[in-house]
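Participant: Predicted model, plus sequence, below.
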Amino acid sequence: MSQVIIAKPGQIASSAVEMLVSAIEQAITLRGSAYVALSGGTVPNQMWRILRQSRLDYTKIHWFWADERMVDYELEQSNFGVAWREWLRTIEGSDQEMLNRQAGSTMNVYPMLGWQLRPSPSGSPLRKGKNNQNYLESCIRDYTKQLEILPRNLDGMPCFDLILLGMGEDGHTASLFPMNMEDDLKNQAWVIGLDNSPKPPKERLSLNYPVLTAAGELLFVVAGESKARAVREIVSQRSIDYPAGVVSAGASEVCWLLDEAAASEL
């Protein structure tokens with residue numbers, strides 16, 4: 001089932017937070033825990049500060065990421081790094097030293113590049129040169145193993161209660177891009193890596209299509225007139241020519257939360 005909600009002007013981030021919190025609380029009520037995957041981007045980065053005020057029981061929530069750029073956590077390009085600095089590290093019980101996770105932490109946080117990442121003195125992208133591919137493959141293996149704690153569906157896929165996603169002008173979501181669609185759709189791996197992102201940095205990790213579509217609910221949060229055409233084709237015309245369209249069509253529960261500009265062609 002697909003639902004479209006158009007947020008009031010200036011309220012898309014707060015509306016997204018309300019929906020995220022509601023889904024988490026429902027999961028905790030039903031099962032005693034919640035499994036959530038987050039994304040980065042302009043609107044999610046606005047959400048983090050709002051989430052500081054929420055009264056969630058963080059001991060019962062497992063936070064994962066839908067995708068990540070292969071850069072140091074210190075940089076603004078890091079999805080996890082921004083979420084940590086703007087929100088998660090402010091929560092009571094979180095690890096105050098991001099890169100030295102404490103055994104007694106009450107936070108269940110799973111960054112895609114792990115907790116042992118050390119930022120480079122120059123703030124440059126991770127592991128330049130020959131070691132990059134080895135590091136990417138290592139992160140894929142490690143994150144796949146992390147996902148094993150999730151509940152499974154009948155096909156054996158890990159099932160998030162909710163995955164927060166955005167969408168680019170080209171219809172990409174997470175780090176699933178149009179030019180890689182054919183190969184990615186053939187790949188049943190839970191986590192994939194790429195080194196050809198059309199947006200810098202080129203090296204990224206992403207949850208793959210089978211994991212995204214297995215989620216209990218997908219929340220697409222999309223803002224901006226530049227995305228209106230892709231929104232129209234996916235939401236109104238059910239196009240599967242875009243990664244976001246394939247994900248939306250394959251999932252059981254989907255909500256598109258749009259600002260007025262993104263919804264302008266509906």
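Facilitator: Perfect, I can see it now. Numbering: from 1, shown residues only.
Participant: pLDDT below threshold where in the stretch 151-266 of the chain?
Facilitator: For the stretch 151-266 of the chain, applying pLDDT under 70 flags no range at all.
Participant: I should have written the stretch 1-150 of the chain there, sorry.
Facilitator: 1, 92-106, 115-132.
Participant: Tell me where it has strands.
Facilitator: 2-6, 34-38, 61-65, 67-69, 108-109 (DSSP state E, counting those that start in this stretch).
Participant: chain center to the shortest one, what's the gap?
Facilitator: The reference is to strand 108-109. 14 Å (CA atoms, centre = their mean, to the nearest Å).
Participant: and it, what other elements does it pack with?
Facilitator: Judged by 3 or more CB pairs under 8 Å, 6 or more residues apart in numbering; DSSP states H and E, the packing partners of strand 108-109 are strand 61-65. In this view, the C-beta of every residue, glycine as well, is placed from N, C-alpha and C.
Participant: Would you format the strands of the stretch 1-150 of the chain as a markdown table with distance to residue 20 and mean neighbour count included?
Facilitator: Formatted as a markdown table, the strands of the stretch 1-150 of the chain follow (distance: least, CB to CB, whole Å; neighbours: other CB atoms under 10 Å):
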| stretch | distance to residue 20 | mean neighbour count |
| --- | --- | --- |
| strand 2-6 | 13 | 15 |
| strand 34-38 | 7 | 24 |
| strand 61-65 | 10 | 21 |
| strand 67-69 | 17 | 25 |
| strand 108-109 | 16 | 19 |
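Participant: Touching, residue 181 and residue 247? I think so.
Facilitator: No: using CB atoms under 8 Å, residue 181 is not in contact with residue 247, being 10.8 Å away.
Participant: who's more crowded, the two?
Facilitator: Using other CB atoms under 10 Å as the criterion, residue 181 and residue 247 rank with residue 247 on top: 26 against 19.
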